[in-house]
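Chemist: prediction below, plus the sequence it came from.
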Amino acid sequence: MRRYGLAAAALFVFVGGAPARADGLEKFEKLIKPDIPAGTLKYKSGKALGDNGFVLEDVVVTPPPDQTNKAEPVNIKRIAVEDLDFAAAEKKAAPNFARIRAEGIAIAANPAEGVDLKEMAGLDKLLADFQLDYRLDPDRQTFTLNRLELDVNQLARLELTMMLDGVTPEAFADPSASMDKTSLRTASLVLEDRSLLGKVVPAVAKAQGTDPAGLLKTVKPVLQGLASAQGPNTQAALDTVAAFVDDYKQPKGPLRITVNPPSKTSATDLAAAANGDDAIKALGLIVSYAGAPAKASDPAAGGRPAVAAPSAAKPSCAPGSRFFVLYDDAWQAATARKEGKAADTCIAKIEGNGDDDVTVAMDKTVAWSIDGPGKPVSGCRAGDKVVVLHEGDWYPAEVTKKPVAEGQCSIKYESDEEEEKVELKKVRKLD
């Protein structure tokens, strides 16, 4: 993975100044491409996406070799830099915002020394997609990680979102220098297992000379030992993780870790926590999995603190709460600041843009989910009212009758009469 990290980093080295009125591709070719070592990046074609974006097709990235291993080329079907802060690049500073997608990343059977996917998981290769979407607001000193996602199609999907306060441009460039000044507002980590544990658990068991059942028998006492030395919050979290591992053959949904601190929490605060329970309380941490034991969510019966799946209840305007709000004709992610002056209103920060706080009506909000507003759809049914993911926001649309390939929907946005084909995973229903 270190090789792939070097390959990605090579694409985003910024030097010089942007030419006046250049489009995104011209800026890339004049600012970034000349600084990439010869032979590192090749692509078949490229095109601009407005002034601040570009697309590269059929990309081959060859990381520089290290001292012991020869670098292997990485084939990527498409890299789309949808939005990039070229203005910061002119000043040779870290970009305040970026929205990047890499699709069809081909990972060979032997991606690194000592790693053999064929032997470990019976796979000749892997295909993966990667997304990064973040924005730093220097005036408010907030950093919003809207999405960091790695989707390894056959194995798993890992997604992280986060909001930090007290982040200055200087701290953004050197995070380790100001950890005590930066506080976590909210974060969410999702692990969707498609077959990862089903391949890893047997492989690890085989390496240790046992079977999966025998391996789990040795792991459980270790987790129980850790839990017995901690308080009820830590015990509940470990029980939930153990239940997820127990269902390695067919998980009952994703494992989710959400963090909503009741007050500002910095790395210094966490370091001062006396034990695991204190850290969990300081973070407002919840570990949830649909297959978790019922006793983990029944404190009234003398059980452990709730570690339940996220509720679809009416969104709250409590400071730090997250929800989706219908704003500028799209459902956008937002974080509550405080209650508004008028009844049933909320002052909130619309994530992913540089606007000031806005007042929103709570009847125009829906529950937060890292996957998007509402619920996923299993298929396309003509006439259904849906919301569709487009450039980070969810736009109201209607499914049309036009036939499409499997895994796609034909839709028409409410604000646009033209029909468009979209991936099924980008379509959701609010009710």
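Modeler: Sure thing, it's come through.
Chemist: any regions of the stretch 51-200 of the chain where pLDDT drops low?
Modeler: Under the criterion pLDDT under 70, the flagged ranges of the stretch 51-200 of the chain are 66-71, 109-124, 171-180.
Chemist: next, count neighbours for the spatially closest residue to E103 that is not a sequence neighbour.
Modeler: Taking CB to CB, 6 or more residues apart in numbering as the measure, E103 lies nearest to R78, with 4.6 Å between them; neighbours along the chain are not counted. Yep, even glycine has a C-beta here, placed from its N, CA and C like the rest. For R78, the count of nearby residues is 16 (other CB atoms under 10 Å).
Chemist: can you name the residues bridging to R78?
Modeler: Counting by DSSP bridges, R78 forms beta bridges with E57, E103.
Chemist: got the contact list for it?
Modeler: For R78, the contacting residues are 55-59, 101-104, taking CB atoms under 8 Å, 6 or more residues apart in numbering as the criterion.
Chemist: can I get those in TSV with distance to I257 and neighbour count?
Modeler: As requested, the contacts of R78 are exported to TSV (distance: CB to CB, whole Å; neighbours: other CB atoms under 10 Å):
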residue	distance to I257	neighbour count
V55	33	20
L56	34	22
E57	36	14
D58	37	14
V59	33	23
R101	24	17
A102	25	24
E103	26	15
G104	29	15
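Chemist: how far away is the residue nearest to E103 from G407?
Modeler: 17 Å (CB to CB, to the nearest Å).
Chemist: and if you look at V422?
Modeler: The spacing between V422 and G407, counted by CB to CB, is 10 Å.
Chemist: what about the two, which has more around it?
Modeler: V422 (20 against 10).
Chemist: doesn't the more buried one fall inside a strand?
Modeler: Yes - with DSSP: H, G, I helix; E, B strand; the rest coil as the criterion, V422 is part of a strand.
Chemist: pairing partners for it in the sheet, please.
Modeler: V422 has the following beta-bridge partners by DSSP bridges: C409.
Chemist: would you confirm that it contacts V388?
Modeler: Yes - the criterion here is CB atoms under 8 Å, and V422 meets it with V388 at 5.6 Å.
Chemist: what is in contact with these two at once?
Modeler: Contact criterion CB under 8 Å, 6+ apart; residues shared by V422 and V388: I411.
Chemist: and whichever helix or strand V287 is part of, what other elements does it pack with?
Modeler: Secondary structure here is read from DSSP states H and E; on that basis V287 sits in strand 285-288. Other helices and strands packing on strand 285-288, by 3 or more CB pairs under 8 Å, 6 or more residues apart in numbering; DSSP states H and E, are helix 232-246, strand 255-259.
Chemist: what's the least confident stretch among those?
Modeler: Across these, the stretch with the lowest average pLDDT is helix 232-246; it has a mean of 83.
Chemist: please save the CA atoms from that helix in CSV.
Modeler: Written as CSV, here are the backbone C-alpha positions of helix 232-246 (Å, rounded to 0.1, in the frame of the first residue of the first chain):
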residue,chain,number,x,y,z
PRO,A,232,-19.3,-1.3,30.5
ASN,A,233,-18.9,1.1,27.5
THR,A,234,-15.7,-0.7,26.4
GLN,A,235,-17.3,-4.1,27.0
ALA,A,236,-20.2,-3.3,24.8
ALA,A,237,-18.0,-2.0,22.0
LEU,A,238,-15.8,-5.1,22.1
ASP,A,239,-18.9,-7.3,22.2
THR,A,240,-20.2,-5.6,19.0
VAL,A,241,-16.8,-6.1,17.2
ALA,A,242,-16.8,-9.8,18.3
ALA,A,243,-20.3,-10.3,16.9
PHE,A,244,-19.2,-8.8,13.6
VAL,A,245,-16.2,-11.2,13.5
ASP,A,246,-18.4,-14.2,14.5
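Chemist: give me the angle between that helix and strand 255-259.
Modeler: With axes from the mean of the first three to the mean of the last three CA atoms, to 10 degrees applied, the angle from helix 232-246 to strand 255-259 works out at 150 degrees.
Chemist: any idea how far stretch 30-40 is from the chain center?
Modeler: Shown here is stretch 30-40, whose average C-alpha point lies 28 Å from the average C-alpha point of the whole chain (CA atoms, centre = their mean, to the nearest Å).
Chemist: now it: mean pLDDT?
Modeler: The average pLDDT for stretch 30-40 rounds to 82.
Chemist: what's the first-to-last distance across that stretch?
Modeler: 16 Å (CA to CA, to the nearest Å).
Chemist: now stretch 249-264
Modeler: Rule used - CA to CA; the end-to-end distance of stretch 249-264 is 39 Å.
Chemist: which parts of that stretch are buried?
Modeler: Using 16 or more other CB atoms under 10 Å as the burial criterion, the residues of stretch 249-264 that qualify are 251, 254-261.
Chemist: any chance you could map the strands in the stretch 301-431 of the chain?
Modeler: Secondary structure of the stretch 301-431 of the chain, counting by DSSP state E, counting those that start in this stretch: strands at 322-327, 330-339, 345-350, 358-361, 365-367, 375-376, 385-390, 393-399, 408-413, 419-423, 427-429.
Chemist: could I get these in a markdown table, plus columns for mean pLDDT?
Modeler: Rendered in a markdown table, the data for these read as follows (pLDDT from 0 to 100):
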| stretch | mean pLDDT |
| --- | --- |
| strand 322-327 | 89 |
| strand 330-339 | 85 |
| strand 345-350 | 87 |
| strand 358-361 | 90 |
| strand 365-367 | 91 |
| strand 375-376 | 88 |
| strand 385-390 | 91 |
| strand 393-399 | 91 |
| strand 408-413 | 90 |
| strand 419-423 | 87 |
| strand 427-429 | 92 |
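Chemist: can you list those strands in TSV and add distance to G284?
Modeler: Formatted as TSV, the strands of the stretch 301-431 of the chain follow (distance: least, CB to CB, whole Å):
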stretch	distance to G284
strand 322-327	12
strand 330-339	14
strand 345-350	18
strand 358-361	23
strand 365-367	17
strand 375-376	25
strand 385-390	28
strand 393-399	26
strand 408-413	37
strand 419-423	34
strand 427-429	26
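Chemist: among these, which comes closest to A292?
Modeler: strand 365-367 (19.9 Å; CB to CB).
Chemist: the closest one pairs with which strands, and in what direction?
Modeler: As defined by DSSP bridges, the strand partners of strand 365-367 come to strand 322-327 (antiparallel).
Chemist: tell me which residues in the partner strand are buried?
Modeler: Going by neighbour count (16+ other CB under 10 Å), the buried part of strand 322-327 is 322-327.
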